[in-house]
Structure formats: structure tokens, C-alpha cells
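Turn this into a model:
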Amino acid sequence: MIASIFVTCDEMSPKGKKPSSLWYTCEKCECILGHKDLDVHLKYCPQTAENLSNDYGFILNKTLYSTLEETAPDDGISHLTNDIIFLSQSALQLCQLVIGDKAIVKTNNYCEVKTVWPTSRGSITSVYCTKLGLTESWGLKLGPIVVSRFESAALPASTVSIEITKQTDVPKSPENFLIETKYKFCDKFVSVGTRLSVCFYGRRIKFIVTKVESALDEIKEAEERITDDLKSLKLKDDNGTKFYRVCDTTNFVLVQPKQTAVESEDSASKLGGFGGYKSIVEELKEAISYSLKAGGGNKGIKISSGVLLYGLNGTGKSHLAQTLIKELGVNSVKIQSGDVFSKFYGETESTLQSLFKNAITLSPCIILLDDVDTLCAKRKSSNQEGRVVATILNLIDSLQNENVFVIATSSQPHLLEPALRRPGRLDREIELPVPSASDRRDILQCLLARAGCDLDAAAVADAAHGFVAADLCALLSHAQVHAMRDNGRARLSVTDLQWALTQVQPSAMREVYVHVPDVRWSDIGGQEELKLKLKQAVEWPIRHPEAFTRLGINPPKGVLMYGPPGCSKTMIAKALATESKLNFISIKGSELFSKWVGESEQAVRATFKRARSVAPSVVFFDEIDALAGERGEGGSGGARVQERVLAQLLTELDGVEPLGNVAVIAATNRPDRIDKALLRPGRLDRLVYVPLPDLQTRKQILELQFRKTPISEDVNVDELSSLTDGYSGAEVVAVCQEAALSALEEDTSAAQVSWSHFQRALTLITPRTSKTLLELYERYRSH
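Numbers count the residues shown, from 1 in each chain. Model prediction:
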């Protein structure tokens with residue numbers, strides 16, 4: 001309870017009105033807080049420095065406990081704002097601070113000395129710091145913060161040893177870097193562990209203070225000669241951290257970087273180590289090494305100094321480049337479009353020139369052009385993008401005689417300016433494909449090892465068809481959540497990974513992801529021959545590849561299912577998707593047509609390109625007769641579009657680029673309308689007739705329905721199967737549905753369906769497949 005509350009700091013309101021109370025003091029715990037936080041304070045009273053809360057800010061023992069937030073620079077003191085924290089004027093007074101005083105700020109068990117300055121922003125307990133200030137003092141984090149007066153007598157530093165956090169950030173000329181650092185942080189208070197950064201030649205370099213020495217520390221008898229006044233002062237703050245002041249005579253020393261527990265955030269990779277792609281890694285490493293090797297090769301022959309690394313999003317292009325840069329131990333300059341583009345005329349080009357000039361200064365150096373397709377897209381007009389493209393081309397040309405290598409990454413290489421890909425620029429192109437099964441195993445083991453898990457996840461990796469590295473990261477994330485949800489387990493198990501496989505889809509499949517109902521082969525009555533042929537075309541090549549190789553046969557590329565409507569052709573495709581556990585892409589013929597010239601063919605190409613990227617996969621064309629009708633002479637514009645789409649489809653099925661582990665399944669009610677070229681061997685080479693269900697198949701369909709629909713004892717399944725002669729599978733199911741509805745019409749509380757209900761349903765649902773259509777199928781089958 002708050003025993004009594006009284007004003008500790010009043011501020012006069014204008015025109016002599018009665019003072020308004022901003023602060024209140026709890027008599028019980030002597031905590032000073034804003035009046036709006038009284039209700040929250042009651043939950044924590046008595047408030048101490050140990051039972052801190054993020055719900056509100058308060059002052060206790062002249063120390064402010066609050067939350068650090070980001071703010072824009074103050075124009076009036078723009079030259080100082082990076083080393084300043086902003087507090088309200090009244091908070092400064094209660095903490096016994098004045099403008100320009102030094103204060104100890106602590107966040108996340110890290111402390112640093114900052115200058116305080118008043119602000120009118122936010123609430124009376126708010127604490128602010130600029131974005132650049134947080135960048136320079138990268139040890140400070142947004143969130144809970146403690147601010148108290150700095151009362152230590154800091155000794156002057158004679159030597160400050162610093163360690164750069166990233167090996168690749170070590171400048172070629174460390175002397176200039178150390179001079180810039182000393183100038184930047186003169187009069188700054190530092191201690192062992194202080195984390196700072198400085199912008200050097202356009203690149204932010206982060207470092208940690210590892211050792212600080214003072215001339216006074218080296219004198220053994222210094223303590224005896226220091227005046228009594230100095231002895232009475234504290235040399236350390238309350239947290240035990242000893243601070244030193246950087247002065248004009250301080251000497252900065254760069255120590256050799258080594259692996260420490262504290263790592264730069266930028267060096268942390270979201271893929272958690274690099275696995276797989278061994279041949280590509282070696283090829284790229286070889287290209288970089290030969291190009292940067294001094295005096296390598298014939299003087300009259302220029303070795304390629306540029307590589308375009310392309311592939312799907314999430315395959316690890318940028319991560320591979322950064323890993324190689326770190327392994328080779330060379331300097332690097334990373335260029336991203338978001339950091340370069342400016343709305344001001346000429347500033348983008350100037351920034352690019354500065355970055356390339358910096359790379360030449362740091363040579364041997366690697367320039368990483370990340371997502372180069374956004375930075376150097378095809379030129380369409382004389383706009384800003386065109387000027388940027390021209391600048392990049394000129395800058396790359398200027399590197400011909402420099403010891404600089406360029407790595408460009410792109411997920412859409414077809415959007416790049418063609419001039420960028422000519423010899424002498426990015427003349428070497430390396431694709432980072434969707435990882436194979438062995439690559440997935442390597443990547444997953446690498447990720448699991450970093451997470452401290454020793455699991456044999458080979459089966460999971462083999463089942464993760466089409467997964468790229470980023471998808472495998474997402475897989476581990478989902479598995480970890482599942483493990484924590486299961487009684488709070490911290491360690492992963494194979495069961496968690498198998499569960500996550502059902503939740504994560506490959507990135508390339510998300511645009512065309514089809515929710516496949518849980519349909520099994522056992523849910524489909526009859527059609528044994530069709531099931532076998534589909535297994536031969538899809539499952540056997542995946543599960544028994546050695547048998548196909550041993551006998552020297554190629555697996556079937558495609559299967560065409562034809563037959564009357566309602567005979568489970570589409571349902572069989574759904575069962576195939578469920579049972580095979582392959583990536584399933586469902587396409588309706590009409591979905592590919594577009595009114596724009598060329599877009600329909602592009603849609604076909606994109607479909608097969610995506611299927612190849614996530615192979616092994618199944619592409620299912622429903623109602624393919626709408627897409628691949630027989631070609632004829634002349635015709636309307638729509639017919640010509642259909643012919644172009646058909647030509648593209650034929651090319652994809654049996655063209656120069658192989659299908660690989662992509663199976664094509666098609667279904668149609670009118671096989672006579674399909675172009676004969678599509679049905680030759682090597683394309684849709686398996687033709688399977690799906691007839692009306694026979695007596696035994698109809699009986700199986702009825703028994704499957706009766707698992708869900710309770711029937712009375714008077715229902716004779718054999719007789720009902722005989723009465724549904726000529727019915728399609730869908731019509732047999734419709735009879736059961738109609739009979740159940742008839743039972744509800746008689747009595748809404750009916751628990752069973754009787755024989756009379758089925759008799760009524762048979763009069764309402766009649767066979768709809770004409771004899772003419774059945775004769776057509778028979779003629780087609782006999783040819």
C-alpha cells in the first residue's frame with residue numbers, strides 16, 4: 001500500500017496557476033514515480049532494485065529505472081547527439097544531474113558512460129538515444145535501462161587495446177584506422193569490454209576494448225603519492241567496472257582478432273553454418289583464389305574477376321559468399337540496393353563510386369553485390385535506374401587492373417541488364433540449385449550441430465523434397481516450438497522434425513500450394529490397374545531407382561487418365577499426392593490461358609520450372625483437353641493461343657531440358673479432342689482407361705460410404721450394388737447422400753438410413769453417362 005504520497009518536484013504552470021504535480025513519492029519504499037503509474041506501482045510495492053518491472057519507470061536512490069527508446073537527432077546539438085542520452089528535465093534534477101553531466105547507463109548487463117541532456121519528448125521517465133548513437137555504442141540495446149550519476153575519478157588512459165569483431169573488417173591500413181578511432185573517441189570514457197564502432201571509408205567497423213592501461217597504474221607507489229582528495233574518490237562505479245578517459249596522449253593498439261564469445265551481430269548467419277554444395281563451393285573458391293592471386297597466370301590474359309551466383313530465394317547465395325570471404329580472410333565491401341539508392345540526383349552514383357574506391361584501397365578485396373537484379377535491372381529509359389546501371393558497368397570495367405573480385409547474387413537473373421553479363425564483367429555464372437538429398441543431409445546436420453543436437457536426421461532430409469536451406473531453418477524452428485510445447489522439452493527429437501515436415505512447405509511451392517485432402521488408396525474402391533500404373537510412373541522411380549538403372553529403362557514420363565465423368569480420376573490424383581508424399585502441383589487447363597500475348601506460354605514454362613526446382617514432384621493437369629486440344633488449320637485467335645500453349649507443353653515434356661524427377665499426370669473426359677502429338681511415347685505414354693465401376697467396385701464404394709453413414713439391417717449391400725449398374729462412382733456416392741437426406745426429411749432425429757430411403761434415392765439419382773459417350777471410349781481404347 002502507498003501510505004502517503006507527496007509532491008517531490010513541482011513545475012509551475014503558466015500565468016501563475018496552481019503548480020501541477022508530476023512526481024509522487026511512495027512513503028513506504030521511497031520510490032519516486034509519475035502519477036499515471038500509481039496503479040502499476042501497487043503491484044510491486046515495496047519497489048527495490050532487484051524486483052524490477054518493465055511496466056513503468058521510476059527513480060530509486062537517485063537512480064532512474066526505465067526503458068531505452070530510439071529517437072531522432074536533435075538539430076540544436078547534432079554534433080553531440082551520438083554520445084548523448086536524453087531524459088526529462090525533472091528526471092535529471094531528481095537524479096542530481098545537470099546538462100552535460102556524465103552518467104552510467106546499463107542495459108543487458110552491459111554498462112557505458114554517456115552524456116545526459118534534457119528533452120521534452122515522451123513521458124517524464126522516458127530515456128532516449130539516437131539510432132546512430134546505438135550503432136556507435138553497439139553494446140547498448142533498446143529495452144530496460146538503468147541511469148545513475150557517474151561519480152568515479154576516471155584515470156587517463158595511456159594505451160587502449162582494441163579487437164575488431166570481424167576478421168574481414170580489419171583495414172589494410174590500420175594506422176589510419178587507429179588515428180580515426182582516437183580522434184572519434186577523444187574524451188570518451190572506456191573500460192575493458194566497451195563495445196564501439198567507427199565509420200571508416202564508408203564501412204562501419206565494430207570493435208571491443210580488450211585492455212586499458214594508465215600511466216598511474218604502472219607506478220607502484222602511485223597510491224601513496226595521490227592526494228587525500230583523490231583517495232577519497234571512487235575509481236570504480238558501483239558495478240565494479242573501472243573506467244578510463246581517452247585523452248590526446250592515449251595510444252590505440254589493434255590486437256589480432258580471435259574467436260570470442262561476443263560476436264558482431266552482422267556476422268551471425270541465419271543459416272547457421274554452410275553445408276552441402278561441395279563442388280560449387282570448390283569452384284567458387286578456386287575462381288576467387290586464382291583471380292586475387294598476385295601475378296597469377298599470363299600477364300597478357302586477364303583471369304575472370306566476376307561471378308554471378310544465382311538461384312532460388314533461400315538457397316544460401318549470400319551466405320555462401322560471406323562464408324568464403326571469411327574463410328579466405330580477405331577484405332570485403334558489401335553493397336545492397338537499399339543502402340545505395342537516394343532520392344537526390346547523383347547521390348546514388350557518388351555512393352557507388354565511393355564504395356568501389358574503398359574496395360580498391362582495401363585490395364585484395366571482394367565486392368559483394370547482393371540482389372544485383374534490383375540494383376542493375378534492364379534499362380528501359382533514361383531514368384535514375386539507367387544512370388545507376390551505367391555507373392555500375394563503368395565501375396566494374398575500372399577494376400580490370402585491380403586486385404578486386406566481384407560476387408553478385410540474384411534470384412531473378414533474367415531481369416539483369418544483359419551488358420552486365422558479358423565477358424569481362426560477370427562472365428562466369430554459377431547456379432546454386434535446390435539442394436539434393438545428400439546436400440540436404442549435410443545442411444541439416446550442420447544446423448543441428450550448431451543447435452547442439454546430435455540426431456540422425458537422414459530420413460527427414462530425404463523426405464524434405466524441394467527444401468532449400470532457409471526452409472530447413474524454418475523446419476528446425478517449427479520442431480523447436482513443438483518440442484517446447486511438449487512438456488517444455490529443450491532438446492529436439494526426430495519425432496519433432498517429422499512433425500515439422502507436415503507444417504513447412506518448400507518456398508518454391510508456396511505460390512502454388514494445394515491443400516491435398518487426406519485421401520488414401522484404401523479410400524478408393526477398385527481401380528487396381530490404374531493404381532498400379534500410377535505407382536509405376538511416380539513411386540517406383542523414387543523408391544527403386546537402382547532397378548530402373550539395372551534394366552536400362554527410363555521411367556514413364558506421363559500418365560493420361562480418361563473415362564466418364566465422376567469415375568474418381570481427380571480423387572485418384574489426390575490419393576497419389578498423399579501416398580507418395582511428393583510435392584504436388586495441380587493445374588486446371590483454363591488457369592493457364594491469358595488474354596495477353598505470350599503470357600500463357602510463360603505460365604506453362606513457369607509451372608515446369610517450379611516443378612523441376614522442387615523435384616521429385618507431380619504435376620497434375622485436370623481437364624487437359626481444354627489446354628491441349630487437337631491442332632487445326634486457321635481458326636480464331638483463341639485457337640492460335642491454344643496451339644502455342646500446346647507447342648510449349650510438348651517442348652516441356654520432351655524438349656532439350658529434361659524433366660528429371662517430374663511426373664506428369666493428366667485427366668480428361670474427352671480423349672478424342674487431345675492432340676495426338678501429346679500422346680506419343682516419351683510424353684503422356686501411359687493411357688489408362690477409367691471405366692464406370694463394375695459390380696465389385698460399386699460394392700467397395702458403398703462399403704466405404706457406410707463407414708460414415710449408419711444403415712439399418714434391412715439394407716442389402718449386394719442388391720444395392722446390382723441396382724446401381726451404369727452409375728459412376730460419384731453417382732453411387734450421391735445415392736448414399738440422397739438416402740441420408742430422405743431419412744432426415746422423415747425424422748430429424750433419425751439414427752440410421754433404411755432400405756426405403758435408398759429406394760427413393762435411386763428414383764431421384766439416375767445414371768447420366770450416355771451410351772454414345774461409352775461407345776466413344778470403347779472405340780478410342782480399341783485403336
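
what kind of secondary structure is the most centrally placed residue in the chain in?
Geometric centre of the chain, nearest residue: Ala470, 5.8 Å, by CA atoms, centre = their mean. State at Ala470, reduced to three classes by DSSP: H, G, I helix; E, B strand; the rest coil: helix.

Can you classify His492 as helix, strand or coil?
Quick fix: residue 492 reads Leu, not His. Going by three-state DSSP: Leu492 is coil.

burial of Val105, as a residue count?
Burial of Val105 is recorded as 22 neighbouring residues (other CB atoms under 10 Å). Any C-beta I mention is one placed from the backbone N, CA and C, and that applies to glycine too.

what residues are up against it?
Listed by CB atoms under 8 Å, 6 or more residues apart in numbering, the contact partners of Val105 are 68, 85, 111-114, 140, 145-147.

7 Å instead?
Applying CB atoms under 7 Å, 6 or more residues apart in numbering to Val105 gives the contacts 85, 111-112, 114, 140, 145, 147.

Assumed it was part of a strand.
Yes - residue state for Val105 (three-state DSSP) corresponds to a strand.

Run through the bridge partners of Ile84.
Under the criterion DSSP bridges, Ile84 forms beta bridges with Thr115.

Can you give me every residue that contacts it?
Per CB under 7 Å, 6+ apart, neighbours of Ile84: 114-115, 117, 133.

now with 10 Å?
73-74, 77, 100, 114-117, 119, 128-130, 133 (CB atoms under 10 Å, 6 or more residues apart in numbering).

can you give me the helices in the stretch 251-400 of the chain?
278-292, 317-328, 337-340, 347-361, 372-375, 384-397 (DSSP state H, counting those that start in this stretch).

what mean pLDDT does the fifth one have?
Here the mean pLDDT over helix 372-375 is 83, rounded to a whole number.

Farthest pair within the contacts of Val105?
The most widely separated members of these, counting by CB to CB, are Ile85 and Cys111 (12.6 Å).

Find residues that contact each of those two.
What both Ile85 and Cys111 touch, as defined by CB under 10 Å, 6+ apart, is the set 105, 140.

what about the strands in the stretch 601-750 of the chain?
Secondary structure of the stretch 601-750 of the chain (DSSP state E, counting those that start in this stretch): strands at 617-622, 662-668, 686-689.

Paired strands for the longest one, with orientation please.
Just to be clear, that refers to strand 662-668. Going by DSSP bridges, the partners of strand 662-668 are strand 558-562 (parallel), strand 617-622 (parallel).

Any chance of a markdown table for those strands, columns distance to Ala321 and mean pLDDT?
Shown next, in a markdown table, are the strands paired with strand 662-668 (distance: least, CB to CB, whole Å; pLDDT from 0 to 100):
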| stretch | distance to Ala321 | mean pLDDT |
| --- | --- | --- |
| strand 558-562 | 39 | 85 |
| strand 617-622 | 29 | 83 |
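
what's the closest of those strands to Val460?
Using CB to CB, the strands paired with strand 662-668 put strand 617-622 closest to Val460, at 18.4 Å.

chain center to the closest one: distance?
27 Å (CA atoms, centre = their mean, to the nearest Å).

buried stuff in that strand?
617-622 (16 or more other CB atoms under 10 Å).

and which of those residues is nearest Ser722?
Asp622 (31.9 Å).

is it true that that closest one touches Pro565?
No - counting by CB atoms under 10 Å, Asp622 stays clear of Pro565, with 11.8 Å between them.

want to try a markdown table for the helices of the stretch 251-400 of the chain, with distance to Val559 and mean neighbour count as columns?
Putting the helices of the stretch 251-400 of the chain into a markdown table (distance: least, CB to CB, whole Å; neighbours: other CB atoms under 10 Å) gives the following:
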| stretch | distance to Val559 | mean neighbour count |
| --- | --- | --- |
| helix 278-292 | 35 | 15 |
| helix 317-328 | 36 | 20 |
| helix 337-340 | 46 | 14 |
| helix 347-361 | 54 | 17 |
| helix 372-375 | 38 | 23 |
| helix 384-397 | 47 | 17 |
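
possible to save these as a markdown table with distance to Ser304?
Putting those into a markdown table (distance: least, CB to CB, whole Å) gives the following:
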| stretch | distance to Ser304 |
| --- | --- |
| helix 278-292 | 7 |
| helix 317-328 | 16 |
| helix 337-340 | 24 |
| helix 347-361 | 17 |
| helix 372-375 | 16 |
| helix 384-397 | 12 |
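
Around Ile59, how many other residues sit close by?
Neighbours of Ile59 (other CB under 10 Å): 26.

For the closest residue to it other than its chain neighbours, give me phi and psi.
Excluding the flanking residues, the one nearest Ile59 by CB to CB, 6 or more residues apart in numbering is Ile32, at 4.2 Å. Dihedral pair for Ile32: phi -100, psi 130, per degrees, to the nearest 10.

go on, Gly122?
Per degrees, to the nearest 10, the backbone of Gly122 is at phi 70, psi -160.

any idea of the pLDDT on the residue nearest to the centre of the chain?
In this model, Ala470 carries a pLDDT of 83.

ok, it to Leu582 distance?
21 Å (CB to CB, to the nearest Å).

now do Lys278
For Lys278 relative to Leu582 (CB to CB), the value is 26 Å.

Would you map out the domains in this structure?
Listed domain ranges for the chain are 40-149, 156-187+195-220+240-254, 302-432, 437-509, 514-689, 695-782 (source: the TED database).

first to last residue in the second one, what's the distance?
For domain 156-187+195-220+240-254, the first-to-last residue distance is 19 Å (CA to CA, to the nearest Å).

which helices and strands does the host helix or strand of Ala761 pack with?
Ala761 belongs to helix 755-764 when assigned by DSSP states H and E. Helix 755-764 sits against helix 717-723, helix 729-746, with contacts defined as 3 or more CB pairs under 10 Å, 6 or more residues apart in numbering; DSSP states H and E.

Recalculate using a threshold of 6 Å.
helix 729-746 (3 or more CB pairs under 6 Å, 6 or more residues apart in numbering; DSSP states H and E).

How far does the helix it packs on sit from its chain's centre?
48 Å.

what sits up against that helix?
Outside helix 729-746, the residues that touch it by CB atoms under 6 Å, 6 or more residues apart in numbering are 566-568, 693, 698, 701, 705, 709, 724, 750, 753, 757-758, 760-761, 764-765.
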